[in-house]
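Trainee: Sequence first, predicted model second:
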Amino acid sequence: MPKLNLTRFLTAVLAVFLFTFLYEALVHGHMLMEDYRATQALWRGDAEMQNYFGAAVLSNILKSLLFAFIFTCHYEAKGLAEGARYGLYVGALLGVMQFATYAYMPIPLALAAKWLVVQIVYGVLAGTLTAAIYRKPE
């Protein structure tokens with residue numbers, strides 16, 4: 001395992017957390033809102049959801065921490081492509097897990113497919129961001 005650069009690692013964690021927060025707000029708060037309205041009976045109401053905001057923030061902190069940590073464990077200093085490839089793998093894993101919700105929750109197949117795609121895109125973008133931060137010193 002390469003030596004951990006603590007400053008870059010913590011910067012990557014913060015950057016991925018902020019990116020995650022903004023990306024999820026865009027995707028779930030805007031792009032998929034019509035899908036959520038069509039399946040409104042499945043979700044918590046807005047007021048109730050606010051009660052769980054802390055849990056959402058904590059889960060995003062942990063996701064960002066693990067995302068950056070796993071990247072640093074296998075860091076090879078191969079540039080942005082390394083981050084995009086890593087993000088593709090992680091995004092595909094997260095996307096398939098999200099897609100599996102279709103098997104046990106009465107959501108439309110189209111929503112499950114959208115979740116799969118947005119997780120893959122998330123992974124590639126977050127991985128590229130992480131690689132940009134955790135780069136080889138010049």
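Mentor: That came through fine.
Trainee: All the strands of this structure, residue numbers only.
Mentor: Applying DSSP state E to the chain gives no strands.
Trainee: Okay, helices next: where are they in it?
Mentor: In the chain, the segments counted as helices under DSSP state H are 6-26, 33-38, 46-50, 53-73, 80-99, 101-104, 109-133.
Trainee: Tabulate those in a markdown table, adding columns for mean pLDDT.
Mentor: Below are the helices of the chain laid out as a markdown table (pLDDT from 0 to 100):
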| stretch | mean pLDDT |
| --- | --- |
| helix 6-26 | 96 |
| helix 33-38 | 96 |
| helix 46-50 | 89 |
| helix 53-73 | 95 |
| helix 80-99 | 97 |
| helix 101-104 | 96 |
| helix 109-133 | 98 |
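Trainee: highest average neighbour count across those helices?
Mentor: helix 109-133 (a mean of 20; mean count of other Cβ atoms under 10 Å). C-beta: built from backbone N, CA, C; applies to glycine.
Trainee: angle of that one against helix 53-73?
Mentor: 50 degrees (axes from the mean of the first three to the mean of the last three Cα atoms, to 10 degrees).
Trainee: could you give the angle of helix 109-133 to helix 80-99?
Mentor: Going by the same axes, to 10 degrees, helix 109-133 is angled at 150 degrees with respect to helix 80-99.
Trainee: how far off helix 6-26 does helix 109-133 point, in degrees?
Mentor: Using the same axes, to 10 degrees: helix 109-133 against helix 6-26 is 150 degrees.
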